[in-house]
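fold the following for me, if possible:
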Amino acid sequence: MSAPKFRPLRFGVTRVVLRQGQPGVCYLRAEQALDAYPARITDRLQHWALTAPGRSFMARREKRADGTTGDWLHLSYAQAWAAARGIAQALLDRGLSAERPVMMLSGNDLEHAQLTLGCLVAGVPFVPVSPQYSLASRDYDKLRHVIKTVTPGLVFAAEAGSYARAIQATLGEEGGEVEVVLAAGSIQGRASTRFADLAATPATAAVDRAMQATGPDTIVKFLFTSGSTRMPKAVINTQRMWCANQQQMAQSMPVLGEEPLVLVDWLPWNHTFGGNHNFGMVLFHGGTLYIDDGKPTPALMHETLRNLREIAPTVYFNVPTGFEAIAHAMKTDAQLRRTLLSRVKMFFYAGAALAQPVWDSLYASEEKEIGERIVMVTGLGMTESAPFAIFVTSPDVKAGDLGVPAPGMELKLAAVDGKTEVRYKGPNVSPSYWRAPQETAEAFDEEGFFRTGDAVKWIDDGDIHRGLKFDGRIAEDFKLATGTFVSVGPLRAKIVAAGAPYVQDVVLTGINLKEVGALVFPTPAVRALAGLTPDAPLREVLECEQVIAHFQGVLDRLAQNATGSASCIARLLLMHEPPSFDKGELTDKGSINQRAVLTHREALVAALHEGTAHPIVKPAAR
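Below is the predicted model of the structure:
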């Protein structure tokens, strides 16, 4: 059988150097050195404003009063540079600094982008906050925590209507020392500044002096972690981190510089994937980012598909649930196939495992439409690494593969609790958490390597140049009452793959118990499996005989390949109540926080293992 044909894609790093350390420790780095990179990312903005002033830096569909979207509104590099200088002057006039940074409550839009650039030029750190802290939260505890941690001097929101309640609840009804800037609307009883007035501030020579005063150690932003076990931590992001990481990406993914870059992207800028990786990539390479107001959810995926029918990206990034929806749509949507596949050179997923049936479906549509496959790549990174750290080395990628370190990074592979933890050191790694000395001290080992908590294995024990694959989170793994370790990451991935396309995510249970259980959060597709009306309650859908039979079949297949109690799912509970954002069970990207779910659903877990929860699904053989 001949090997599949892929659209050509060059990989920048294909060889590594391994050295041994103390027993149980070794070190891995790319054979390729890191090339020179700018001292500040604003140098790239200025460069593109001078060399390609009319090129579109960013675009977003016009928002209509009725909630629909219209034509694309474009922001050129020349316009972005002019707005950034005006905003920078306004920020300097207000005396803002790392002690009193700019905080952004709302999501991706053109005003948010311009304010970001203004902060970069002025050397004033900014804090992009998850919009869900304002819009989905009821108690605003996380938003209050962010405000207490960073003590903002200015707070921005796109429009008053959606954010007024959160602003009033957390900043108080009186103005105080925190200025509020709004792109639209006003808040009753509270003074605010119009964003347009901020951007219209005439720039002076002070702006040029401020930008030149910034350098590698200048704090660019504070990005908050997801807060999986505690309240979110503020990760310091410096100019060195961002610029070095963009150069690492450019060398690992040469495709980024081979033609003018075009992204169609929904990933939130308060998260490192969207805000550092993709926003920075466009700025670094002089590309164009089309802001996608869609999202991989049943309510918003239609907007993403609409955009991808119209705009052809050169590379495309998404999370597994997004690719799953796209794979399903491409089976019947000819226009989507034509546009999306017309010039895309690379698909990139991160955030969770991509089930093999999704890969197979994408490949089938690609071969049907263009006669070749698009390489699907992935890697590993985190907020503390800016985020790009590890990337694959060839198109032969399988679920769980991570690859090799980016140029300039060194990985420390250390034995921990029977697994191998990967640790990071390099110019892209954060120096510390803001105003959190204890958490910072705990995060780094005695050699200054950042402890990721991610476990890895070699893809091929006989070929280190293939790199590493994911082996779960060390903190998520647990022991059964027998003392047997349960490796959560790989087992969870097997359940998601076996249950596709009906499994959104899985939380494994059984800590200190005799057997492994699973809480399964289903996808909307499970409704079709039940054959009930679209408006049937989810609880009723999950108790349907056809659904129970399907998941019993999933467990039966998994049981046939299980090698012992730690790899066998003894009981499964289908969850009708979705994960809670307020309780920290769900991140911005839609991924599950295992520990938070186990903490907040302790009684349900106990009922599952006692056999009193309903309905419990078990393998037929048990």
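
distance of the nearest residue to residue 73 once chain neighbours are set aside from residue 46?
Nearest residue to residue 73, sequence neighbours excluded (CB to CB, 6 or more residues apart in numbering): residue 62, at 5.4 Å. Every C-beta, even on glycine, is put in place using the N, C-alpha and C of the backbone. To residue 46, residue 62 is 28 Å away according to CB to CB, to the nearest Å.

settle it for me: which of the two has more neighbours?
residue 46 (16 against 10; other CB atoms under 10 Å).

okay but the more buried one is in contact with residue 82, surely?
No: taking contacts as CB atoms under 8 Å, residue 46 lies outside contact range of residue 82: 11.4 Å.

let me see the domain layout of the protein.
16-38+261-473, 42-214, 478-617 (automatic domain parsing).

and the last one, end to end?
Just to be clear, that refers to domain 478-617. With CA to CA, to the nearest Å as the measure, the ends of domain 478-617 fall 22 Å from one another.

can you count the residues close to residue 17?
14.

sec struct for it, please.
Three-state call for residue 17 (DSSP: H, G, I helix; E, B strand; the rest coil): strand.

now the most centrally placed residue in the chain. Nearest residue, chain neighbours left out?
Centroid-nearest residue in the chain: residue 273, 4.4 Å away (criterion: CA atoms, centre = their mean). Among residues not flanking residue 273 along the chain, residue 267 sits closest, at 5.1 Å (CB to CB, 6+ apart).

am I right that residue 369 falls within a strand?
No: with three-state DSSP as the criterion, residue 369 is helix rather than part of a strand.

ok, back up a step: hang on, the residue nearest to residue 273 packs against residue 278?
Yes: taking CB under 8 Å as the definition, residue 267 is a contact partner of residue 278 at 5.9 Å.

got any residues that touch both of the two?
residue 317 (CB atoms under 8 Å, 6 or more residues apart in numbering).

thinking again about what came up before, what's the spacing between the residue nearest to residue 273 and residue 322?
As defined by CB to CB, residue 267 lies at a distance of 9 Å from residue 322.

count the residues that sit near the residue nearest to residue 273.
25.

can you check residue 328 too?
Using other CB under 10 Å, residue 328 has 16 neighbouring residues.

what sits against residue 275?
Counting by CB under 8 Å, 6+ apart, residue 275 has contacts 128, 221, 223, 268-269.

please read the previous query as pertaining to residue 283.
41, 44-45, 48, 57.

among those, name the ones in strands.
Assigned to strands by DSSP state E, the following of these qualify: residue 57.

which one of the contacts of residue 283 is nearest to residue 424?
When the contacts of residue 283 are compared for distance to residue 424 (CB to CB), residue 41 wins out at 20.7 Å.

separation between the closest one and residue 240?
Per CB to CB, residue 41 is found 10 Å from residue 240.

shared neighbours, these two?
Joint contacts of residue 41 and residue 240 (CB under 8 Å, 6+ apart) do not exist.

which residue ranges form the helices in the stretch 1-150 of the chain?
42-51, 77-93, 110-122, 132-135, 141-150 (DSSP state H, counting those that start in this stretch).
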